[in-house]
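*Asks:* Just need the structure, nothing else, for what follows:
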Amino acid sequence: MQVFKFGGASVQNATYIRNSISIIEKCKTANPLVVIVSAIGKTTNALEKVTESFFAGEQETALTQFQTIKQLHIGMAQELLENYKDECQMQLTDLFTEVEWLLHDEPVRDFGYYYDQIVCIGELLSTTIFSFAMKEKTINNEWLDVRDVLRTDNSFREAIVDWNFSEEKIKSTITELSKSAEIIVTQGFIGATDDNESTTLGREGSDFTAAIFSNILDAKSLTIWKDVDGVMNADPKLFSEAVPLRHLDYQEVIEMAYYGAQVIHPKTIKPLYSKQIPLLVKCFLDTNMEGTIIDGNKTTNLPPVFILKKNQVLVRLTTKDFSFVNGAPLIALFRNMQSLLIKPNMMHIGAIEIQLCLNDEPEKLQSLEKLLDEKFAILYHKDLTLTSIRHYNNSENVDRFLSQTPNKVLEQKDEKVWQFLAEN
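*Replies:* You can find the predicted model right below:
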């Protein structure tokens with residue numbers, strides 16, 4: 001058993017879809033192969049805008065925006081298919097209808113619910129086209145709606161997986177499908193509740209889905225296909241001296257993901273670690289590139305790893321009655337943050353003040369402010385970037401980078417990680 005995961009960049013157009021299919025033909029070494037595919041290109045972003053328009057009561061705008069998404073997928077299917085064009089169109093139409101009937105209604109539930117019902121369609125559309133494109137090349141495969149096998153709770157936008165149900169269902173379904181096909185194509189990022197309501201596993205959650213399948217099916221490896229030569233020590237678009245990291249251990253990767261590295265989703269590693277399944281990060285643009293292998297063997301002598309998170313806000317919370325923060329106020333703060341799915345990226349606690357570095361998400365920040373207004377005075381400092389440097393003692397590049405980063409507003413370090421929040 002092997003698991004491949006293709007991200008949105010690798011299926012962003014017909015040429016790249018053909019390329020990804022050729023990779024499957026070239027690199028497949030075990031039967032069956034489970035292929036997990038993300039939404040095409042920037043489709044998730046576009047669907048988020050549809051959701052926002054719908055929830056704001058702008059029904060016609062939402063329908064117009066969705067029409068653009070429909071035409072993109074119809075056009076791609078037409079470019080890729082000849083023999084299976086009509087069959088694919090029928091399946092796409094069924095999926096379009098799932099969203100359109102909702103968009104003709106009025107929102108009566110919270111935003112997270114509608115987000116998941118609308119945004120989930122991106123992966124369903126991309127995998128439909130991908131599956132039929134393989135059939136067009138006479139590659140026998142079965143398309144699986146992951147919502148039929150991956151059960152979650154109803155924590156919309158951050159759903160928690162029901163491992164017991166999902167394990168039994170995934171095993172039995174894949175076993176049955178593999179009797180008639182060597183390749184099973186399914187979706188990342190999404191699942192469903194007991195009531196068959198669609199859910200999502202958190203932004204960029206397709207990697208997590210791939211790890212879930214790898215764990216449950218005891219895969220010999222998981223390969224994630226990216227548009228870069230493996231995991232880099234920095235974003236090559238921002239750091240000209242960025243280098244690929246050819247080997248990483250599970251702990252290092254989960255630490256990098258925790259601080260915001262975008263290459264691997266934070267939840268991906270635990271399911272792989274628990275069964276010691278190696279993760280390969282390879283470049284879909286050139287399969288001959290070495291890439292990165294992530295496993296249980298300890299990594300040493302790593303260069304500094306630079307992780308930047310933009311669009312940050314520093315929230316200063318001061319107790320109104322001058323009581324100490326530790327104790328009940330701190331407990332209440334974290335309970336409220338958890339209820340809103342807000343996670344601090346850096347934090348400093350004083351006697352009567354807490355400083356939190358958060359993603360600048362206005363809707364969540366407004367909700368948090370309402371919950372905390374009785375106990376805390378709140379100030380915001382926006383337009384900030386959080387930089388985290390792991391292994392900062394290992395190179396003079398760190399000093400050069402720091403010299404170019406004035407206007408720090410919050411800073412902290414320990415033995416391995418140096419973090420600072422600075423104005424853009």
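
*Asks:* From the rest of the structure, what touches stretch 417-424?
*Replies:* For stretch 417-424, the surrounding residues in contact (Cβ atoms under 8 Å, 6 or more residues apart in numbering) are 259, 310, 312, 314, 346, 357, 383-390, 392, 398, 405-413. Where C-beta positions appear, they are placed from N, C-alpha and C, glycine not excepted.

*Asks:* tell me which residues in it are buried?
*Replies:* The neighbour-count check on stretch 417-424 (16 or more other Cβ atoms under 10 Å) flags 417-422 as buried.

*Asks:* quick one: which of these sit in strands?
*Replies:* Counting by DSSP state E, the buried residues of stretch 417-424 place 417-422 in strands.

*Asks:* can you put these in TSV and add distance to Phe189 and pLDDT?
*Replies:* TSV is the format used below for these (distance: Cβ to Cβ, whole Å; pLDDT from 0 to 100):
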residue	distance to Phe189	pLDDT
Val417	29	91
Trp418	32	89
Gln419	29	91
Phe420	32	89
Leu421	30	92
Ala422	32	91
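
*Asks:* Which one of the residues you listed is nearest to Val119?
*Replies:* Leu421 (29.9 Å; Cβ to Cβ).

*Asks:* Relative to Ile69, how far out is the nearest residue to the closest one once chain neighbours are set aside?
*Replies:* Residue nearest to Leu421 in three dimensions, not counting chain neighbours: Leu410, with 4.3 Å by Cβ to Cβ, 6 or more residues apart in numbering. According to Cβ to Cβ, to the nearest Å, Leu410 stands 40 Å off from Ile69.

*Asks:* same deal with Asp249?
*Replies:* 40 Å.

*Asks:* the more surrounded of the two?
*Replies:* Ile69 (21 against 18; other Cβ atoms under 10 Å).

*Asks:* Check whether the more buried one sits in a helix, strand or coil.
*Replies:* Under DSSP: H, G, I helix; E, B strand; the rest coil, Ile69 falls in the helix class.

*Asks:* mind listing what the nearest residue to it once chain neighbours are set aside touches?
*Replies:* Nearest non-adjacent residue to Ile69, counting by Cβ to Cβ, 6+ apart: Ala46, 5.4 Å away. By Cβ under 8 Å, 6+ apart, the contact set of Ala46 is 65, 68-69.

*Asks:* So Ala46 lies in a helix, does it not?
*Replies:* Yes: per three-state DSSP, Ala46 lies within a helix segment.

*Asks:* Can you give me the distance of it to Leu125?
*Replies:* From Ala46 over to Leu125 (counting by Cβ to Cβ), the distance is 11 Å.

*Asks:* lowest average confidence, helix or strand, in this protein?
*Replies:* helix 397-403 (a mean of 66; mean pLDDT, DSSP states H and E).

*Asks:* The residue nearest to Leu421 contacts Asn345, correct?
*Replies:* No: contact between Leu410 and Asn345 fails when scored by Cβ atoms under 8 Å: they sit 10.7 Å apart.

*Asks:* List the residues that are in contact with both of these two.
*Replies:* Jointly contacting Leu410 and Asn345 under the rule Cβ under 8 Å, 6+ apart are Cys357.

*Asks:* can you map out the helices along the stretch 1-150 of the chain?
*Replies:* 14-27, 43-55, 59-80, 85-103, 111-119, 121-136 (DSSP state H, counting those that start in this stretch).

*Asks:* and the second one, how far out from the chain's middle?
*Replies:* On the basis of Cα atoms, centre = their mean, to the nearest Å, helix 43-55 sits 17 Å off its chain's mean C-alpha point.

*Asks:* list the buried ones in it?
*Replies:* For helix 43-55, by 16+ other Cβ under 10 Å, it's 43-44, 46-48, 50-55.

*Asks:* now, among the residues you listed, which is nearest to Ser172?
*Replies:* For these, the closest approach to Ser172 (Cβ to Cβ) belongs to Thr44, at 29.8 Å.

*Asks:* Specify the residue ranges that define each domain of this protein.
*Replies:* 2-226, 305-423 (automatic domain parsing).

*Asks:* low-confidence ranges in the stretch 301-424 of the chain?
*Replies:* Along the stretch 301-424 of the chain, segments meeting pLDDT under 70 span 394-397, 399-406.

*Asks:* could you pull out the helices for it?
*Replies:* Taking DSSP H, counting those that start in this stretch as the test, the helices found in the stretch 301-424 of the chain are 328-339, 362-372, 397-403.

*Asks:* is it possible to export those to CSV including distance to Gly7 and mean neighbour count?
*Replies:* What follows is those, written out as CSV (distance: least, Cβ to Cβ, whole Å; neighbours: other Cβ atoms under 10 Å):
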stretch, distance to Gly7, mean neighbour count
helix 328-339, 29, 14
helix 362-372, 26, 14
helix 397-403, 28, 14
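
*Asks:* Out of the ones you listed, which gets nearest to Ile118?
*Replies:* Here helix 362-372 is closest among these (Cβ to Cβ), at 16.3 Å.

*Asks:* chain center to that closest one: distance?
*Replies:* 24 Å.

*Asks:* thinking again about what came up before, nearest approach to Asn233 belongs to which of the helices of the stretch 1-150 of the chain?
*Replies:* Of the helices of the stretch 1-150 of the chain, nearest to Asn233 by Cβ to Cβ is helix 14-27, at 25.4 Å.

*Asks:* what helices or strands is the closest one leaning on?
*Replies:* Judged by 3 or more Cβ pairs under 8 Å, 6 or more residues apart in numbering; DSSP states H and E, the packing partners of helix 14-27 are strand 2-6, helix 59-80, helix 121-136, strand 221-226.

*Asks:* Flag every buried residue along that helix.
*Replies:* For helix 14-27, by 16+ other Cβ under 10 Å, it's 14, 16-21, 23-24.

*Asks:* how big is the angle separating it from helix 121-136?
*Replies:* Angle of helix 14-27 versus helix 121-136, following axes from the mean of the first three to the mean of the last three Cα atoms, to 10 degrees, is 60 degrees.
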